[in-house]
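1. Next come a sequence and a model predicted from it.
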Amino acid sequence: MRRNAVANRERILAAAEAVFGEYGAAGSTEDVARRAEVGIATVFRHFPTKAALVEAALVRHFDLLNERARTLAAGADPGQAFQDLLRTMVEDGSTKLTLISQLPDGQFPPSVHQAADRLRATVEELLDRAARSGAIRRDVGADEVYLLVRGIAQACATMPTTPHTVSRALDVVLAGLSA
């Protein structure tokens, strides 16, 4: 793919995440094209359907979060890395949930499953390191962490909350997860 085509694709995906995260089903491919500063034909050249665009935006979302998690996991303090990742997952959670709601039948296509599985493996690795370091309780697994993240993200998506309140709620959750 040509360099400008790659750049256009990335701008389209970033715009799709922003538009669909903000407007949900009311967001359109035209809105995405405007935000990405490309023509609608360019959007459809990369993504022939809105569903294909949403799928690719979700894969990108999971992949970027996985990159962030891997960067954090490489740090010296596993406990702080876990806390930072949990905060990032909650901050990005409502956009992810909105994108997921745009999938036909709410079913993950294989590419989204694979991206989500890669992220989960990194989260499990980071959680294990944090538990072995004594920062996080050993009896906490990825299932519990994902449920907590999803719960807070859904609450934020359905009832606008101040960043301060979200931060305090995460402080409470992190205190409960601490060893």
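-> Done, it's in.
2. F108: what secondary structure?
-> Secondary structure for F108, judged by DSSP: H, G, I helix; E, B strand; the rest coil, is coil.
3. where does it fall, phi/psi-wise?
-> Main-chain torsions, F108, degrees, to the nearest 10: phi -70, psi 120.
4. Kindly provide the distance from A26 to S101.
-> Remark: distance between A26 and S101 (Cβ to Cβ, to the nearest Å) = 12 Å. Every C-beta, even on glycine, is put in place using the N, C-alpha and C of the backbone.
5. got it, and R35?
-> Taking Cβ to Cβ as the criterion, R35 is separated from S101 by 19 Å.
6. more neighbours, the two?
-> R35 (18 against 13; other Cβ atoms under 10 Å).
7. any idea which helix or strand carries the closest residue to the more buried one other than its chain neighbours?
-> Nearest non-adjacent residue to R35, counting by Cβ to Cβ, 6 or more residues apart in numbering: A15, 3.8 Å away. Here A15 sits within helix 3-23, counting by DSSP states H and E.
8. Packing partners of the helix or strand following that helix?
-> Going down the chain from helix 3-23, the next helix or strand is helix 29-36, by DSSP H and E. Judged by 3 or more Cβ pairs under 8 Å, 6 or more residues apart in numbering; DSSP states H and E, the packing partners of helix 29-36 are helix 3-23, helix 40-46, helix 50-73.
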